[in-house]
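Peer 1: Can you look at this prediction? I've put the sequence above it.
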Amino acid sequence: MTASELRRISNTLWEIPKRGMMRVPGRIVADERLMQNIAAGETLEQVANVACLPGITGYSWAMPDAHLGYGFPIGGVAAMDPEEDGVISPGGVGYDINCGCRVMTTRLAYHDVRDRMKDMVEGLYKDIPCGVGSAGAIPKLSKRDMHKVLTRGAEWALEQGYGEAADLDTTEEQGCLSGADPEQVSDRAKSRGETQLGTLGSGNHFVELGVIERVFDAETAQVYGLEEGRLTLMIHSGSRGLGYQVCDDFLQVMVRAAAKYGVKLPDRQLCCAPIHSSEGRSYLAAMAAAANYAWANRQIMMELARRSLQRTLGMDRASLGGKLLYDVCHNIAKLEVHEVEGTRKRLCVHRKGATRAFPGSRQEVPPPYRAVGQPVLVPGDMGTGSLICAGTEGALSMTYGSSVHGAGRLLSRNAARKAKEPGALMQELTERDVIVMARNRRVLSEEMPDAYKDIDAVGEVLEEAGIGRRVARTRPVGVVKG
Amino acid sequence: MNDALQSGSADYGHAFVDHTADVMADCWGRGFPALLMAAADVLYETALEERRRDRGHVQTVELNAKGCEDMLVRWLQELLFLLEAEQFVGVSFSFQEAGPERLAASVEGYHHAPEERGPEIKAATYHGLEVRREGDLYKARIVLDL
């Protein structure tokens, strides 16, 4: 499918007209330039395929950072109505269940600690296990503790001494998705997860120290505690091997379920089951358990980071002032109430590579942010910058309260490796004043800045389309990659 | 079907194809077991900095599936699980049975050290997967999620 087959609705909105098996039209939030990237692959076909799933309401959405995924595109949003035989699809969540981001603000001024950046990055690299199969942040989980992690999420981490009670107040779902059932998580998944809690992983996962270099919205920035020149710490990771295995396990279940319930699939990777079916309920319970694992994982890593920075800089906890701005998931399916054609309905919103972006009018938004909307965290690449945005009424009415989750990949990993060898990349990053430590040099090349779309272009479109509001931009100054 | 298949045989092969986010490769083999070998090579080539030829450890793999595509994905998922959970790398493969519905194989190989690992593979996917047959030649395009 090409862009010429789309109907252009506005500068930042395109529609795939309903055709064939599609139950609703597809809609893509993008300007002309981002659309060229999106239309270059099979992403538009994937948006159309998602529109074929039973119970989908409104539109099959693609965010400005959308790119090719499996079944669902990355950057895809779809809301299914359980009362209209709506389905739940593991492909609409992704392998890394509750992959997400958190940002911690600090009292550190960059100019005060600039000379210590190398030590700080080395400390984080040493104190937060990273890389493939990384393990050992905390002792191997017993069966009993695994059960607690899967049912209670970040709260379990807190009880073990990793963090402060206030951290939960600014974590989506307070770090625990209800309905989790560890019995729905296979032994194989648990075995993959028992040594990986509190570890970063590899690929595009990272810990990043950034300096707030621009404030777009002073009022909201003040509410969020963002001040130009201050350091932030961003963590991007998910549910590690446990989540991957849960997804794998349930793809097998859902292939059979789709046949059992007579769901016609345009792509096997979209396999699914009615939300009310036993298979659908089982997946939701296992997915919630994996999501809770991910929240515990990011909570532990943030606390490890706090301790690491304190140790490196020789300062107490109060002086560091590490305060969790927010933790958001961007690979999830959640039951939420939305207004559809004037009626309030409980829908299962799939966000795959998309972030919830609720305005302050929603009760899910933490009280301190109700005047301005929830923080929406949009990591860019390790050389350019990341955005901290705010949720809007526009997002709520248009995209079921969803927005972008990052810059989105532009180059294949192969192309990125060919474009720049690790030595040259390190040199380039040094010239940009970014200190990087990576477990794997090949991964480093694959994650080079040019491999990603322009974060500022994504941010401009997000704002013009009304699915978010830019609050501040950070520039990376220290990065740890797996 | 009892002959052990060595990685690097002329009876199968693969070529990587550019994919925006992840790893895509065209695999082919003379016979279904050879296709499975080609796919295994893609997995190990992606996941390891260098795949050694060491042997000495054996893993048994037994799988049931519903068709060639399903079996191919389950095969890769099994090898991936052994790689992630036990750091086991397959080098030599002996198939007692390898069809679309049932597979039984002995995999001989080694346990890798942490520093030998490259990127993390999350999963083998069903994305656009179709096993095509031309005479005794089996072909498939596989996608691994990184």
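Peer 2: That came through fine.

Peer 1: export the one helix or strand B:M71 maps to as PDB, just CAs?
Peer 2: Remark: B:M71 resides in helix B:68-86, with elements defined by DSSP states H and E. Extracted C-alpha coordinates of helix B:68-86, given in PDB (Å, rounded to 0.1, in the frame of the first residue of the first chain):
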ATOM      1  CA  CYS B  68       5.600 -26.500   8.500                       C
ATOM      2  CA  GLU B  69       5.400 -22.900   9.500                       C
ATOM      3  CA  ASP B  70       4.300 -23.700  13.100                       C
ATOM      4  CA  MET B  71       7.100 -26.300  13.400                       C
ATOM      5  CA  LEU B  72       9.700 -23.800  12.100                       C
ATOM      6  CA  VAL B  73       8.700 -21.200  14.700                       C
ATOM      7  CA  ARG B  74       8.600 -23.800  17.500                       C
ATOM      8  CA  TRP B  75      12.000 -25.100  16.500                       C
ATOM      9  CA  LEU B  76      13.500 -21.600  16.700                       C
ATOM     10  CA  GLN B  77      11.700 -20.900  19.900                       C
ATOM     11  CA  GLU B  78      13.100 -24.000  21.400                       C
ATOM     12  CA  LEU B  79      16.700 -23.200  20.400                       C
ATOM     13  CA  LEU B  80      16.200 -19.700  21.600                       C
ATOM     14  CA  PHE B  81      15.000 -20.900  25.000                       C
ATOM     15  CA  LEU B  82      18.100 -23.200  25.300                       C
ATOM     16  CA  LEU B  83      20.300 -20.300  24.300                       C
ATOM     17  CA  GLU B  84      18.700 -17.900  26.800                       C
ATOM     18  CA  ALA B  85      18.100 -20.300  29.700                       C
ATOM     19  CA  GLU B  86      21.100 -22.500  29.400                       C
END
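
Peer 1: Which neighbouring elements make contact with that helix?
Peer 2: helix A:187-193, helix A:240-260, helix B:32-47, strand B:57-64, strand B:88-98, strand B:102-111, strand B:123-124, strand B:137-145 (3 or more CB pairs under 8 Å, 6 or more residues apart in numbering or on different chains; DSSP states H and E). The C-beta positions use only the backbone N, C-alpha and C, and glycine is treated the same way.

Peer 1: Which residues does stretch A:126-143 contact?
Peer 2: Outside stretch A:126-143, the residues that touch it by CB atoms under 8 Å, 6 or more residues apart in numbering or on different chains are A:149, A:160, A:190, A:193-202, A:205, A:207, A:241, A:300-301, A:304-305, A:307-308, A:311, A:439-440, A:480-482, B:47, B:84, B:87, B:114, B:117-120.

Peer 1: Among these, which ones are in strands?
Peer 2: In strands, judged by DSSP state E, the following of the contacts of stretch A:126-143 are found: A:207, A:480-481.

Peer 1: min pLDDT across those residues, which one?
Peer 2: The weakest per-residue confidence within these falls on A:K481 (89).

Peer 1: How many residues are close by it?
Peer 2: Per other CB atoms under 10 Å in any protein chain shown, the neighbour tally for A:K481 reads 25.

Peer 1: And it, how close does it get to A:I435?
Peer 2: 12 Å (CB to CB, to the nearest Å).

Peer 1: now swap in A:H338 and tell me
Peer 2: For A:H338, the distance to A:I435 - CB to CB - is 43 Å.

Peer 1: and the angle from the top helix by length along chain A to helix A:240-260?
Peer 2: Longest helix in chain A by number of residues (criterion: DSSP state H): helix A:278-313. Angle, helix A:278-313 to helix A:240-260, by axes from the mean of the first three to the mean of the last three CA atoms, to 10 degrees: 160 degrees.

Peer 1: Summarise which helices and strands the helix or strand following helix A:278-313 is packed against.
Peer 2: Note on helix A:278-313: by DSSP H and E, the next helix or strand toward the C-terminus is helix A:317-320. Secondary-structure packing of helix A:317-320 (3+ CB pairs under 8 Å, 6+ apart): strand A:100-109, helix A:278-313.

Peer 1: Report the mean per-residue pLDDT for stretch B:138-146.
Peer 2: 93.

Peer 1: at contact distance from chain A, anything in that stretch?
Peer 2: Yes. Applying CB under 8 Å from any CB of the partner chain, one finds stretch B:138-146 touching chain A at B:143, B:145-146.

Peer 1: Quick one: those as JSON lines, columns for distance to A:R19 and neighbour count too.
Peer 2: Listed next are those as JSON lines, based on distance: CB to CB, whole Å; neighbours: other CB atoms under 10 Å in any protein chain shown:
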{"residue": "B:V143", "distance to A:R19": "26", "neighbour count": "23"}
{"residue": "B:D145", "distance to A:R19": "29", "neighbour count": "22"}
{"residue": "B:L146", "distance to A:R19": "33", "neighbour count": "22"}
